[in-house]
Every structure is written in C-alpha cells, then in structure tokens.
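Asks: coordinates for the following, if possible.
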Amino acid sequence: MAEKTPTGIVPIQDIAAKLGLPPDSIDLYGRFKAKVDPARVPAADRPSGRLVMVTAMTPTPAGEGKTTTAVGLTDALAILGHKAVAALREPSLGPVFGMKGGATGGGKAKVHPSEDINLHFNGDIHAVTTAHNLLAAMAENRLHFDGPAALLDARKVTWKRAMDMNERGLRSILVGLNDPNGGLGRETGFDITAASEVMAILCLAKDLADLKARLSRIVVGYAPDGKLVTAAQIKAAGAMASLLKEALKPNLVQTLEGNPAFVHGGPFANIAHGTNTVIATGLALRLADYVITESGFATELGAEKYMDIVVRTGHIPPPAAVVIVATLRALKYHGGVKADGLNAENIAAVEKGFENLQKHVENVRLFGVPLIVALNKFPTDTEAEVAAFDGLAKKEDFRYALSDVFGRGGQGGLGLARQVIEAAERDKSGFRYLYPPEAPLIEKIETIARRVYGAGRVVIEAKARKKLQRYEADGFASAPVCIAKTQYSLSDDAKALNRPRDFAVTVTDAKLSAGAGFVVALCGEIMTMPGLPKAPAAEKIDISDEGEISGIMG
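Replies: Numbering: from 1, shown residues only. Now for the predicted structure:
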C-alpha cells in the first residue's frame, strides 16, 4: 500500500483534461502522476497567462512555507474562478533525508502524491545524476586510452561526480590511483545533484535540441595546450541527452484541492539557480490564466537568479507579480530570538526583525516588479504579534495579506489571491535587469553583493580572481553570474542575521557552467556537497509491512 489518497483527489487523466491537455500528450506514471510531452500540446488560442513568482524573507533553518504558499495561492485563485497552475521544483533526497524532511507544501496546501514526489518521483533526478556521471566516466576513459596525445590534461580535469544525497565524506576523493594508463592520480569530489550543471541545463533548456546543444558546451577540463575541452569533444552529449529525454518532459500532479501542478527540475538556490524548468513554466503559461512558481530561499538568492539568469534566457517572461513570504517566527529569529524560543510571544523581536523583510522588499523593487508580502500564519502566532506586524506593514508602501493556506487551504489564501490579482493586473511594472551583460564578471558580482546583499565591500580571493579572468579570456565575459552562498543570511556569514550592514562578501572560488550559460562565484564557506545534520530527518522515516511510508514532513 502506498500513500493514502486524500479525499477529493482524482485520477491524473482528469487533471490533464481540466487543464486542456490532449490525451495523447500524457504518459501515465500510475494513477496520480504523468509526464507531459509539450510537443503534443497544440499552441493555445488564448493570451499567455500571468506569471507569479513566490520568494521569501531570509528563512529560519526550517523554512518559511514558500511551497505551501505557492500551492495555497494556486488553490485560492481557482476558487476565485481563474484557471491556475502551480509550477514547482522537485525535492532533492538531500534535504528530504537531511534537515528539511520534504518539499511538497504542508497542511491543506500540498501537492499529491507527496511521498512519491519526495522519494524518487518519476526518476528525473536519477537521470540527471546518471548523465552527469556518464560524462565523468567518458572523460576518465579518454585519460585511460589517449596516452601522451591526450585530449585532456589529467591535472586539469574540472568535472566532478554527482549524487543526490548529503554526504560530506565525498566532498574530496582521489581517483586514478589504480589505473596504470590513466596518468596521475588526482583529487576530485562529488557535488549534490541539485548543484550539477546538468540539472541547471535541464531547467534552462527550452527543448531537446537546446538541451543537447547546452550539454555539448559543458566544459570538462583543459587540454595540455590550455584550451577548453567540452562534452562535445568527449563525444558524450548525445548519450547524455538520450538519458535525459524523458526527464525533460514536465511532471503533472495535483494539489489537494484538485488543481494542476507541474513539478519539474530541482536546482538549489544557495549553490545553483534555484528554479523549476522553463519548459514546465512555459507550458503552464500556454494553458492557464495564472502560473504560480517559486524561487529558492529568499530574494537575494532565488529571486535575483530568477530575474538575472532564468528570465534572461528569453524562454519565459518576467513575473507579473512577486509574493514575498514572511512569518512571525522568522521576524523573531532575525530579531534575536533563539530557535527554541520562537513559539513564545515577543513583539519587540518582531519589530526588530522587520528590518530583514524591509531589505527583501527593496530587493524585489530593484527589478521593477509589483510585489505583495504574504504573512504565512502559524498556529503559535498571537493576535498581538499579528497586530504589531499589521502596524509595521501599514507604514510601508507595499501590498500585504495574511495567509492561512496551511490551516484552511485555498480558502485561507483568498485575501492573498485578491492582492495578487490587483498587483498583476493594475500595478505598474517596469522590469529591469540588475546589470548589463557586457559588464565584467567581477563587476557583476560586486553589483549583486552591494545592491542585493547590502555589502560594504567585496573581496575576490586570488584563486577566484584568476579563474574569473580566465573565463573572460575564454569568451564568457557576457555570462550572468550565479552566486553560491549561505541561505541563512543576507551576507555570506550564516551567523549574521537580520539586516547586516557594512560587511564584506568574500569570493573564495569560481566555476564555469558553460552549458548552463553562467559563471558560478562561491562565497564564504558554501559547500556544493552538503552534509547531514546531527539528527537527520532520515532517522524518523519508516515504512510499514503494508508499504505505508511515515515520517516525511511536507
């Protein structure tokens, strides 16, 4: 027996019909999941829908409910008579078994079947892992057979391995020690699959041809003469694309209130660009009045990357409105309250932590997009704290709504939905990028750090500076920048809460993602292979003799 089916859940064919998908466009993965072939969906004889992006203030370690808010907002818009679709990321097994425990929403605002989505889903992330490691294996094969005339310099292979799991023991490994023909033994490591460039490519490619072209451009390392070596030269792109053929198709599921949801692609926003696939979002925009998507973590991470990387591809339009999720517990956390005291009333901390939210409002305004602040209600919120927040919000010039979608589903999000409609249809929008493509890479990094994070200065360590200069010389000066840093602070120091000022951002390393089309700048102590916490969520997950899984939160 699998996950219990909640009341109101219908076969996925009914959801597809509700969305207007032709029957021959869907491939069933059981009763409640399907993949959709966009090529079999005819062009819509209707205007494109409006895109709404959900982001957040700087979260507590447990998260502030972005996915819950996105799902509940989708249900609320449907109640108001709009054809609404959620377009969300797939959960990685890293956080499912690690700190977070799941990523399908919560309470009465979830997507179904949540346990299937959290565990393996339709195999997309495994396909990304396999394609990534195939390239590593084929690069290793060239080292074994090429000998002195090697295409790759064994000392300058930059492509690592990938695995969809938190495993700090694999951050650094030695390979090539037992291969007499493989050249020098060397140090490499594993990245979590959510940080793989292949995952980024899957999420940014508009179709199969674009996917294959992007995979071909992946840089594996350098030749003995110093020139870039790509996946195309390794002759791996075709096989990699073949592995990803089905993964490229969006996954269709449903909310608990029977509304469509595409859950597809899963890059993290602290170490990657943090948004679902442009294919799923683009398909949803063809079919719906409103498409609710989310970006990872807070505005300075997911939202900035959404605007400057995802929208810049030209495959999807800028958001018609942005929702910033705030919680009283996050305000108290940034107001100085420890994690074990967040359930206690503390109006002074709410007022102090409001500075963090103010900065995130400023960040969205940098892009010229209408915004709404959603106060995501928790059972421990007190009337006095809500009143204090209401007073603070009224002093600010932004739209605001209380959201109780966790406790009441779509009905609890009607006020938020009405504010979203007003903002998307009536508020002035003048979208703009944060920096021009012709700006030097270091200038792009400094612009993000100063304007979005609020940094006073930016330190580029020698190793990172040398790599950035090399990337510009190799023809990637016009690429956008994807900054990898902690999600727990506006700065690159996880302990610097609320709204830090006059701090330095330190770029410790850089990485070229030529296929994805951006340059990664790593800041502070960020790791592309996370570790499990002291008490991982995996310890609480179990399965009964009847096959019923328990312990997955969200």
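
Asks: count residues in the vicinity of Asp146, would you?
Replies: A count of nearby residues for Asp146, using other C-beta atoms under 10 Å, gives 15. C-beta here means a position set from N, CA and C on the backbone, and glycine is covered the same way.

Asks: buried set for the longest strand seen in the chain?
Replies: When the chain is parsed with DSSP state E, its longest strand is strand 504-513. Neighbour-count burial for strand 504-513, counted by 16 or more other C-beta atoms under 10 Å, picks out 505-508, 510-513.

Asks: cool, and stretch 188-199?
Replies: 188, 190-199.

Asks: can you tell me which of those end up in helices?
Replies: Judged by DSSP state H, helices contain the following of the buried residues of stretch 188-199: 197-199.

Asks: grab the nearest non-local neighbour of Val520.
Replies: Leaving aside its sequence neighbours, Val520 sits nearest to Lys511 (C-beta to C-beta, 6 or more residues apart in numbering; 4.2 Å).

Asks: so that neighbour sits against Ile526, correct?
Replies: No: judged on C-beta atoms under 8 Å, Lys511 makes no contact with Ile526 at a distance of 11.4 Å.

Asks: on that earlier part again, out of the buried residues of strand 504-513, who's nearest Leu441?
Replies: Proximity of the buried residues of strand 504-513 to Leu441 (C-beta to C-beta) peaks at Ala510, which lies at 8.1 Å.

Asks: was I right about that closest one contacting Phe518?
Replies: No: Ala510 is not in contact with Phe518 according to C-beta under 8 Å; the separation is 11.1 Å.

Asks: could the ones in helices among the buried residues of stretch 188-199 be laid out in a markdown table, adding pLDDT and distance to Asp164?
Replies: Formatted as a markdown table, these follow (pLDDT from 0 to 100; distance: C-beta to C-beta, whole Å):
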| residue | pLDDT | distance to Asp164 |
| --- | --- | --- |
| Glu197 | 97 | 15 |
| Val198 | 98 | 12 |
| Met199 | 97 | 9 |
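
Asks: turn those residues into CSV, including distance to Ile12.
Replies: Shown next, in CSV, are those (distance: C-beta to C-beta, whole Å):
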residue, distance to Ile12
Glu197, 31
Val198, 27
Met199, 25
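
Asks: nearest to Pro11, out of the residues you listed: which one, please.
Replies: Looking across those and measuring by C-beta to C-beta, the closest to Pro11 is Met199, at 30.1 Å.

Asks: which residues touch the closest one?
Replies: When contacts are counted by C-beta atoms under 8 Å, 6 or more residues apart in numbering, Met199 touches 125, 128, 193, 265-267, 272.

Asks: what's the closest of those residues to Gly531?
Replies: Nearest member of the contacts of Met199 to Gly531, counting by C-beta to C-beta, is Thr193, at 15.4 Å.

Asks: separation between the closest one and Ser92?
Replies: 7 Å (C-beta to C-beta, to the nearest Å).

Asks: repeat for Asp14
Replies: Counting by C-beta to C-beta, the gap from Asp14 to Ser92 is 29 Å.

Asks: helix or strand for Lys352, which one?
Replies: Assigned by DSSP states H and E, Lys352 belongs to helix 347-365.

Asks: so which bits of that helix are buried?
Replies: In helix 347-365, counting by 16+ other C-beta under 10 Å, buried: 347, 349-354, 356-357, 359-361, 363-364.

Asks: check stretch 107-123 too.
Replies: By neighbour count with 16+ other C-beta under 10 Å, stretch 107-123 contains the buried residues 107-119, 121-122.

Asks: low-confidence regions, the chain specifically.
Replies: The chain contains residues with pLDDT under 70 at 1-3, 148, 181-184.

Asks: the more surrounded of Asp14 and Ser92?
Replies: Ser92 (25 against 12).

Asks: strands of the stretch 401-550 of the chain, start to end?
Replies: 457-460, 481-484, 504-513, 518-523, 542-543, 549-550 (DSSP state E, counting those that start in this stretch).

Asks: would you check that Thr528 makes contact with Lys485?
Replies: No: shown here, Thr528 and Lys485 do not form a contact pair, counting by C-beta under 8 Å, at 11.8 Å.

Asks: I figured Asp116 hits Lys33, correct?
Replies: Yes: counting by C-beta under 8 Å, Asp116 touches Lys33, with 6.5 Å between them.

Asks: elements contacting the top helix by length along the chain?
Replies: Determined from DSSP H, the single longest helix within the chain is helix 124-146. The contact analysis (3 or more C-beta pairs under 8 Å, 6 or more residues apart in numbering; DSSP states H and E) places helix 124-146 against strand 161-163, helix 197-204, strand 219-222, helix 231-234, helix 237-243.

Asks: report the buried residues of it.
Replies: By 16+ other C-beta under 10 Å, the buried positions in helix 124-146 come out as 124-136, 138-140, 142-143.

Asks: pretty sure Lys305 is in a helix, no?
Replies: Yes: checked against DSSP: H, G, I helix; E, B strand; the rest coil, Lys305 lies within a helix.

Asks: and it, how many residues sit next to it?
Replies: 27.

Asks: and it, how far is that from Asn363?
Replies: Counting by C-beta to C-beta, the gap from Lys305 to Asn363 is 12 Å.

Asks: and Ala298, by the same measure?
Replies: Using C-beta to C-beta, we find Ala298 at a distance of 8 Å from Asn363.

Asks: also Ala496?
Replies: Separation of Ala496 from Asn363 (C-beta to C-beta): 16 Å.

Asks: where along the stretch 1-150 of the chain do the helices fall?
Replies: Here the stretch 1-150 of the chain has its helices, by DSSP state H, counting those that start in this stretch, at 12-19, 66-79, 93-97, 114-118, 124-146.

Asks: over to the stretch 301-450 of the chain?
Replies: 304-305, 328-334, 347-365, 383-395, 405-408, 414-426, 441-447.

Asks: could those helices be laid out in JSON lines, adding distance to His82?
Replies: Shown next, in JSON lines, are the helices of the stretch 301-450 of the chain (distance: least, C-beta to C-beta, whole Å):
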{"stretch": "helix 304-305", "distance to His82": "28"}
{"stretch": "helix 328-334", "distance to His82": "29"}
{"stretch": "helix 347-365", "distance to His82": "23"}
{"stretch": "helix 383-395", "distance to His82": "25"}
{"stretch": "helix 405-408", "distance to His82": "16"}
{"stretch": "helix 414-426", "distance to His82": "8"}
{"stretch": "helix 441-447", "distance to His82": "37"}
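
Asks: so which of those helices gets nearest Phe97?
Replies: With C-beta to C-beta, the closest approach to Phe97 among these belongs to helix 405-408: 23.1 Å.

Asks: which strands or helices does the closest one pack on?
Replies: If contacts are counted by 3+ C-beta pairs under 8 Å, 6+ apart, helix 405-408 sits against helix 66-79.
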